[in-house]
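[1] Need a 3D model of the sequence below.
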Amino acid sequence: MRQRVTVRLPEELSRALKLASGRMLRPRSDIVRLALREYLIDALGLLPGDRVKGLIGSLEATVQDLAERRRAYTIESLQERDRG
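    Predicted structure coming up:
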């Protein structure tokens, strides 16, 4: 459930928000949510990589060189699918 928060902004910040809203073609509420999320992530030291660092390297991939051979792997996979 979403919670409503009312915030009083100084005139200068209000103008900047309105300008950003026009430039980004997004409602002011979206920009406030985005800015608040980014601020809280930064203030709490939660960088995007921190959220998944426990998973990095914990999964085994069956295809080790997918980035280098992605086209060949895709073709092989499609051919195997068609055979089976």
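[2] what about Arg71, how many neighbours?
    8 (other CB atoms under 10 Å). From N, CA and C alone the C-beta is placed, and that goes for glycine too.
[3] Work out for me the element it sits within.
    helix 70-83 (DSSP states H and E).
[4] and if you look at Leu17?
    helix 11-24.
[5] Tell me the buried residues in that helix?
    For helix 11-24, a neighbour-count test (16 or more other CB atoms under 10 Å) marks Leu17, Ser21 as buried.
[6] quick check: mean pLDDT across that helix?
    For helix 11-24, the mean pLDDT works out to 96.
[7] got it, and stretch 76-83?
    Mean predicted lDDT for stretch 76-83 stands at 85.
[8] Equivalent analysis for stretch 45-64, please.
    Mean per-residue pLDDT for stretch 45-64: 66.
[9] Which helix in this protein has the most residues?
    In the chain, with assignment by DSSP state H, the single longest helix is helix 28-43.
[10] Show me what that one is packed up against.
    Judged by 3 or more CB pairs under 8 Å, 6 or more residues apart in numbering; DSSP states H and E, the packing partners of helix 28-43 are helix 11-24.
[11] Report the distance from the helix it packs on to the chain centre.
    23 Å (CA atoms, centre = their mean, to the nearest Å).
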